[in-house]
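[1] Please work out how this folds:
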Amino acid sequence: MIQMNDNQAESESEIRQKLAQLKGKLIVSCQALPDEPLHSSFIMGRMALAAKEGGACGIRANTMEDIREIQTQVDLPIIGIVKRDYPDSSVYITPTMKEVEELMEVHPEIIALDATGRLRPNKLPLKEFFCELKVKYPKQLWMADCSTVEEALYADSLGFDFIGTTMVGYTPQSHGMKIEADDFLILREIVRQSAHPVIAEGNIDTPEKAKRVIELGAYCVVVGSIITRPQLITRSFAQMLES
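    Have a look, this model is predicted:
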């Protein structure tokens, strides 16, 4: 098993080498929230191992505890997040410095955060928050989870290392949008105009879609629920039989 602590932290060159191996490849999102049947760091660690055996080249994971367990099972690069709700904001993916500090205890190669136009807790805008992050953790790599082309290009201008389509369709400003619409028009526009690598994520639920986004210029692709949430997979079969 693989274990990495603060004294065994990877060098910058080792991290860059890992990330280079993500180009054109699959990242599997191994997450289960507290109200889901598979909620367990132990299970997420085994889920990540299964993903690696299936050919995944990276993992996206939620919480310090899950990431720490995943790191004992696989040596793949990890996109780390912490999902947490705050009463004064609808932003829930790595919303404050508290979540970032938790993630820094396990040093995921990339930390992803909501980069939509919504204000964070305490009415903090994205630019101010990101500037704080860059000052405090200048060597950390950051991924922007965006919901529109405009948000993605703004995050790109701020200097995020990776731009993601994670939030398309999940915010008021992207209501009704689908990442796959018009042959992934949103993704194509972001890829065309962004200076940083674009990670395709969100409703990419078939191998054909995953292949297509890579053909369109995505650096890599994140696939989640269709691989790692059996209750949702089961429901799609059950509903089809009932229709």
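[2] gap between the two ends of stretch 33-49?
    End-to-end distance for stretch 33-49: 19 Å, by Cα to Cα, to the nearest Å.
[3] Can you mark which positions in it are buried?
    By neighbour count with 16 or more other Cβ atoms under 10 Å, stretch 33-49 contains the buried residues 38, 41, 43, 44, 45, 46, 47, 48, 49. All C-beta atoms are positioned from the backbone trio N, CA, C, and that covers glycine.
[4] got it, and stretch 133-153?
    Residues 133, 137, 140-149, 151-153 are the ones in stretch 133-153 that count as buried (16+ other Cβ under 10 Å).
[5] same check, this time on stretch 164-182
    Judged by neighbour count (16+ other Cβ under 10 Å), stretch 164-182 contains these buried residues: 164, 165, 166, 167, 168, 169, 170, 171, 174, 177, 179, 180.
[6] and if you look at stretch 75-90?
    So for stretch 75-90, counting by 16+ other Cβ under 10 Å, buried means 76, 77, 78, 79, 80, 81, 82, 84, 89.
[7] hey, what's the fifth one bridged with?
    Meaning residue 80. The partner list for residue 80 in beta bridges (DSSP bridges) reads residue 61, residue 111.
[8] Make TSV from the buried residues of stretch 164-182 and add distance to residue 93 to it.
    Formatted as TSV, the buried residues of stretch 164-182 follow (distance: Cβ to Cβ, whole Å):
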residue	distance to residue 93
164	10
165	13
166	8
167	8
168	13
169	15
170	10
171	11
174	14
177	18
179	16
180	21
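[9] From these, pick the one nearest residue 11.
    Set against residue 11, the nearest of those by Cβ to Cβ is residue 164 (25.4 Å).
[10] Distance-wise, check that closest one relative to residue 50.
    Residue 164 is 23 Å from residue 50, where distance means Cβ to Cβ, to the nearest Å.
[11] repeat for residue 25
    Residue 25 is 16 Å from residue 50, where distance means Cβ to Cβ.
[12] swap in residue 68?
    Distance of residue 68 to residue 50, computed by Cβ to Cβ: 18 Å.
[13] Now do the buried residues in stretch 228-237.
    Going by neighbour count (16+ other Cβ under 10 Å), the buried part of stretch 228-237 is 228, 229.
[14] Using PDB, list the CA coordinates for it.
    Included here for stretch 228-237 are C-alpha records, laid out as PDB according to Å, rounded to 0.1, in the frame of the first residue of the first chain:
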ATOM      1  CA  THR A 228     -19.100   5.200  -8.700                       C
ATOM      2  CA  ARG A 229     -22.800   5.700  -7.600                       C
ATOM      3  CA  PRO A 230     -24.500   2.300  -7.900                       C
ATOM      4  CA  GLN A 231     -27.800   3.600  -6.600                       C
ATOM      5  CA  LEU A 232     -28.100   5.900  -9.600                       C
ATOM      6  CA  ILE A 233     -27.000   3.300 -12.100                       C
ATOM      7  CA  THR A 234     -29.500   0.900 -10.600                       C
ATOM      8  CA  ARG A 235     -32.300   3.500 -10.800                       C
ATOM      9  CA  SER A 236     -31.800   4.000 -14.500                       C
ATOM     10  CA  PHE A 237     -32.300   0.300 -15.200                       C
END
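[15] that older thread, and the buried residues of stretch 33-49, which of them are in helices?
    Using DSSP state H to define helices, the subset of those located there is 41, 43, 44, 45, 46, 47, 48, 49.
[16] surely the last one meets residue 74?
    Yes: at 5.8 Å, residue 49 and residue 74 qualify as touching, with contact defined as Cβ atoms under 8 Å.
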